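1. Give the three-dimensional model of this entry:
(chains A and B)
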Amino acid sequence: MNSVLWVQFCKDKRSPLFILLFIAGSILATLLFAGGVYSPTTVAIFSEEENASEIEKKWESLLNVDNSFKFEIVDPEKARENVKDGNMDVAVMLMETDYRLVATSELPSVSYVQQHVEKVFQREAQISAIAETRGEGDVRSEIESYLADAPFQLETQGLDSEQVPKYNMSTQLLFAFTFLISMFILGLKVNNVTNDKVSGIWDRMILSPMKKTSMYCGYVLYSFLITMFQIIVVLLLFKYVMNYEVGDNLWLVMMIAAFFTFSMISIAMLITGFVRTPEQFYAIYPSLIPLIPLISGAYMMPGTITNPVLLFVADLFPLAHAMEAIMSVIFYDAGLQDVMMSLLFMLLIGVVAMGVGINLIERRSK
Amino acid sequence: MRSFIKKDLLIFWRDRKEIATVLILPIILVLVLNFAFAGLFSNDGQSSLDLQLAVVNQDDEAEAMVQLNEKLVNEASIGDQEAKALVKQANDVHPVQLLFEFLESEDLKDWVTVHKLEESEAVDKVKDGDLDAILIIPDGFTADSLYAAFIGGSPATSLEYKLEKETNNSSTLYSIIHGFIDHLNYQFAIQEIAGTSEVEVKLPEGGFEEIGAGETFTMTQYFTVTMGVLFALFLVATAATKTGVEIREQVFNRILLTNSHPMQFLIGKMVSTICLVLLQIIFVIIVSHFILDVFPNRSMTFWIGLITMVLLLSLALSGLAAVFTAISLRVTDIDAANGIFMLVILLFGIIGGNFVPIYMLPDWLQQIGEWTPNGLFLVMLTEWIQFEELSSIAKPSILLTGFFLLFTLIGFVLFPQRGKAK
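-> Okay, here's the model as predicted:
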């Protein structure tokens, strides 16, 4: 077993570029996408009235009230062009007291923008109407100071505690992308089985006194170790260098990651069982993998996917269980006891897939 | 020449399982994505949102007026007469009732279900996952809020919104309720400041300005196109990895012995890529069209244009396959090369907008994204679907052809010289 493990390591040591690129890829992907989650959507505003710049300035400050949207003044032609090209979902054409949304598609973001803009314009209309009837005083600041001490209040609380359970989407995305890349790494390492088969190394090993079990163990253990290396490097980097919120219970998170890795290796082994050459594996595996986080809902807020069929399919893959367990450890302080069920599920998937996979590989070789 | 193309197509034909995967998976994906997203975001009112809210009402509105009266007299030391007048005025406002009316209104009832429960029961149900969140109206809410409204200052009691986990549903419910409270406060503010609610307001008209009379670009179309292109990209990598098989099985060396021009090897790869990419994208588009009616009522011109664009894309991608093939022949470690091709494909897929809608990416990445063949194709197709104007797609078409020429040139240059192939 050790020699199989060692030979795999030597291969990677000779050309480490591949592993390093993948690790860099998972860090970059997380930074790019996780950083973008909270950045507000930019919406172009423009005016074609005579005193366009005045109107634009006035509404720009009124529209930019919260963090959900960022309204930016843009040239009318450019705004229309951008919407037309699909670079932007929507632009707002401003008039003195009215507005028009410029949009081409039925994307969801348009109706969110519409709600926001409508609210702002209605309130402004009311304010100016009051100002007209009263004719004096700063109505806007009066309303603002009244609302600062509003009579009706709404508070958020947790079920059992005062503290609101806060959910952090960037943390979820961090794990989603890390696991996505891990699935690629471990898959390519498991694929070494077919690689060594076609190059004849497999047959030579069979002739050696080595046991079949230790041969498989070598491959599995190596892909496990290298994948865990990637996960741990990324996690430590994000925890200590980038200061992401990855919870205080890092050991438990790593343990869940380890179960996930094992389970996914088994699934890769199962796919290896279906193919004959490494090239076939290259064709099938990368097209299957991006599908898993999608149906497991790893890129979206929990609870976004409600279709029962999808949920069932997602449960067949370890990613859904791993994400659920890790998120509950990080955000809801779950202990080992609470995530036991998810761990067992992943173990079950792993054992079944590994069994079937190795069986298929063995049948192939006859 | 023909025998080379035949050879490359045969290599694919041998792996029918693989071709079937590449053809069928994107269609499954399009269906899955449609189920997962389209229902959630569609504008036709058939929202799949199903929000379950428990409301625990501990407030007694009948008693509220008595409480308010006491509070006004005792705490704010308002005269009995004046207090009575205020209470009479307050009798016209029923915040709790307004809240219930709002939650059970026509607009909301399609997706919000209100359960009136006791607190302990509600907590249990939330823990079981039957309900999304609980709204508690504590005892004295009406009295305290109205007291605050008359006297000023913050109320002693506020609504409590309890949730177990922050999910899509619970945050949507929160913003619905918060929006209502916000509105209520605003109305009170207006009334307080204007002195009366009877102000004539000229409300904005709002509305849409549709750009061009173009067709809308739907999510379904987006998914169909992106998935088709994504898997076409995977096909390119596959076509290149087949070189590994040919080297291993000595096919390549035997070709060298036949004294045929080495470029024919490359051209064979390119032509087979063109055929497969064409087959694949058109298959995905047509099958999804028959299942989901992706492009309803489009003219013949539209379809011809669509197929021309797919043809251009397949040309550009065949150039990419040529580059990959040439690299495969140059490197010693073909596995590492395959892994790196995969990374390049993933990178193209991401910045070209095949994994996530392109506007989710930072600006500078979007700019780069339009310079990948697949990103360019997406931009071009978006315009074609909406406007069907030849002028708007002329430039991207030329660019795609440029990609084809550039990639092919790089492929030819990188193609190993005599005796240099590893």
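2. Residue A:15 is in contact with residue B:333, isn't it?
-> Yes: with contact defined as C-beta atoms under 8 Å, residue A:15 and residue B:333 form a contacting pair (5.3 Å). Placement of C-beta: from N, CA and C, glycine included.
3. Now do the shared contacts for these two.
-> Shared contacts of residue A:15 and residue B:333, defined by C-beta atoms under 8 Å, 6 or more residues apart in numbering or on different chains, are absent.
4. Dihedrals phi and psi, residue A:72?
-> phi -130, psi 140 (degrees, to the nearest 10).
5. Could you pull up the contacting residues of it?
-> A:42, A:43, A:44, A:45, A:60.
6. tell me the domain ranges of chain A?
-> A:2-35+A:168-364, A:41-148 (automatic domain parsing).
7. lowest-confidence stretch among the ones you listed?
-> Of all the domains of chain A, mean pLDDT reaches its minimum on domain A:41-148 (a mean of 79).
8. and that domain, how far apart are its ends?
-> 26 Å (C-alpha to C-alpha, to the nearest Å).
9. quick one on the thing from earlier: filter the contacts of residue A:72 down to the ones in helices?
-> residue A:60 (DSSP state H).
10. so which of the domains of chain A is the most packed in?
-> Compared across the domains of chain A, domain A:2-35+A:168-364 shows the largest average neighbour count, a mean of 19 (mean count of other C-beta atoms under 10 Å in any protein chain shown).
11. Contacts only, for the closest residue to residue A:261 other than its chain neighbours.
-> Distance criterion C-beta to C-beta, 6 or more residues apart in numbering or on different chains; nearest residue to residue A:261, sequence neighbours excluded, is residue A:227 at 4.8 Å. With contacts defined as C-beta under 8 Å, 6+ apart, residue A:227 is in contact with A:182, A:185, A:186, A:189, A:261, A:265.
12. Name the nearest residue to the first one, sequence neighbours excluded.
-> Which is residue A:182. Using C-beta to C-beta, 6+ apart, the closest residue to residue A:182 is residue A:227 (4.9 Å).
13. and residue B:258, how many neighbours does it have?
-> 8 (other C-beta atoms under 10 Å in any protein chain shown).
14. where does it sit relative to residue B:4, distance-wise?
-> 10 Å (C-beta to C-beta, to the nearest Å).
15. what are the phi and psi angles of residue A:319?
-> According to degrees, to the nearest 10, residue A:319 has phi -60, psi -40.
16. May I ask you to confirm that it is in contact with residue A:179?
-> Yes: under the criterion of C-beta under 8 Å, residue A:319 makes contact with residue A:179 at 6.1 Å.
17. shared neighbours, those two?
-> Common neighbours of residue A:319 and residue A:179 (C-beta under 8 Å, 6+ apart) are A:260, A:293, A:298.
18. Just put those residues in a markdown table and tack on distance to chain B and secondary structure.
-> Formatted as a markdown table, the shared contacts of residue A:319 and residue A:179 follow (distance: C-beta to the nearest C-beta, whole Å; DSSP: H, G, I helix; E, B strand; the rest coil):
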| residue | distance to chain B | secondary structure |
| --- | --- | --- |
| A:260 | 20 | helix |
| A:293 | 10 | helix |
| A:298 | 12 | coil |
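19. nearest to residue B:26, of these?
-> Proximity of these to residue B:26 (C-beta to C-beta) peaks at residue A:293, which lies at 16.5 Å.
20. That closest one touches residue A:179, doesn't it?
-> Yes: between residue A:293 and residue A:179 there is a contact under C-beta under 8 Å: 7.2 Å.
21. which neighbours do the two share?
-> residue A:319.
22. that older thread, any chance of JSON lines for the domains of chain A, columns distance to residue B:253?
-> Below are the domains of chain A laid out as JSON lines (distance: least, C-beta to C-beta, whole Å):
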{"stretch": "domain A:2-35+A:168-364", "distance to residue B:253": "16"}
{"stretch": "domain A:41-148", "distance to residue B:253": "49"}
